[in-house]
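*Asks:* fold the following and give me the result.
(one chain, ligands or ions: 1)
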Amino acid sequence: MALLSVNDLSISFGGLKAVSNFNMQLHKNDLAGLIGPNGAGKTTVFNMLTGVYLPTSGDIQLDGKSLVGLKPYQINHRGVARTFQNIRLFNDLTVIDNLKIAYHSHARYGLLGAICRLPGFYAGEKEIHEKSMELLKIFKLDHKYDELAKNLPYGEQRRLEIARAMATKPRILLLDEPAAGMNPQETHELMELIRWIRKEFDLTILLIEHDMSLVMGVCEIIYVLDYGQIIAIGTPDEIRNNRRVIEAYLGEEAS
Ligand SMILES: Nc1ncnc2c1ncn2[C@@H]1O[C@H](COP(=O)(O)OP(=O)(O)OP(=O)(O)O)[C@@H](O)[C@H]1O
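*Replies:* Predicted coordinates for the structure are as follows:
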């Protein structure tokens, strides 16, 4: 059975049908891409998968259970985490505090434990600190744990955002344009990182990306959207040579 099964998902905004009959099956450990010209509907798909938008029709199932109608935090607790096209860090918090917030959303001690500073609170805090440092090490940000997020260079902010998503222990990670604003060297390192976290954390990854070197370099299966509809699904080689895909991108260049 597919881990994530998306069936005939559609959404309209007023008269605009932004996504029509979107279907997708992601299996455990898949590394998939979602591409398409500007305005094709890619982020809208992510927003439906994560509960930001309620689909007009269709279903999204994780392990056979519907996610439709759940709040974003509930979907996150079920195992779906994401990053955003425009980085959304807590800019005035330190690097490590950005991670601790994500861990706290899954902390075992309750509000009473925190307010009354019960023993479980201190044990929990120590564990969260240690886990945050471990994750920062993986993302090569441990030496910057004490810096404000806003002072990190752009590529590091993107890495911190992925680390924060990983702190919620997802089974599926959705990355919205992870290479945006990165130079070729940073993009190359990001590719390695994506491959590595998929393997290390036994993760399923779906990414939106305009950087074709990254998409073609890491994704095993690619879904192509144009005007809200899937126009092709295939391996990087199949997609590279697909006439409809080439035409969709040529149309974008011409406009
Ligand atoms: N909340 C909204 N209200 C109205 N229209 C919306 C809303 N969200 C998205 N749209 C429209 O839906 C369409 C798809 O937008 P979306 O942002 O999903 O495209 P995209 O493929 O992610 O584009 P890009 O690559 O430029 O980020 C666009 O026409 C957009 O204007």
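*Asks:* now the helices for the protein?
*Replies:* 42-49, 72-78, 95-104, 111-115, 119-138, 154-166, 184-200, 212-218, 236-240, 243-254 (DSSP state H).
*Asks:* and those, which one averages the lowest pLDDT?
*Replies:* Ranked on mean pLDDT, the bottom entry among those is helix 111-115, at a mean of 61.
*Asks:* now Val215: how far from Leu67?
*Replies:* According to Cβ to Cβ, to the nearest Å, Val215 and Leu67 sit 25 Å apart. Every residue, glycine included, has its C-beta placed from N, CA and C.
*Asks:* excluding covalently adjacent residues, which one is nearest to the residue with the shortest distance to the centre of the chain?
*Replies:* The centroid of the chain falls nearest to Leu174 when counting by Cα atoms, centre = their mean (2.1 Å). Once flanking residues are discounted, Leu174 sits nearest to Arg82: 4.0 Å by Cβ to Cβ, 6 or more residues apart in numbering.
*Asks:* which residue does the stretch 51-200 of the chain bring closest to the ligand?
*Replies:* Gln85 (5.9 Å; Cβ to the nearest ligand atom).
*Asks:* residue contacts, that residue?
*Replies:* 43, 176-177, 180, 208 (Cβ atoms under 8 Å, 6 or more residues apart in numbering).
*Asks:* and the residue nearest to Leu174, how many residues sit next to it?
*Replies:* 25 (other Cβ atoms under 10 Å).
*Asks:* right, and Lys169 touches His77 too?
*Replies:* No. Using Cβ atoms under 8 Å, Lys169 is not in contact with His77, being 9.6 Å away.
*Asks:* can you give me the pLDDT of the residue nearest to Leu174?
*Replies:* In this model, Arg82 carries a pLDDT of 95.
*Asks:* got a list of what it touches?
*Replies:* The contact partners of Arg82, by Cβ under 8 Å, 6+ apart, come to 46, 49-50, 165, 173-176.
*Asks:* that one and Val45: what is the separation?
*Replies:* For Arg82, the distance to Val45 - Cβ to Cβ - is 11 Å.
*Asks:* repeat that for Cys219.
*Replies:* Distance of Cys219 to Val45, computed by Cβ to Cβ: 15 Å.
*Asks:* those two - which one has more neighbours?
*Replies:* Counted by other Cβ under 10 Å, Cys219 and Val45 do not tie: Val45 has more neighbours, with 29 against 23.
*Asks:* this completes my enquiry, with thanks.
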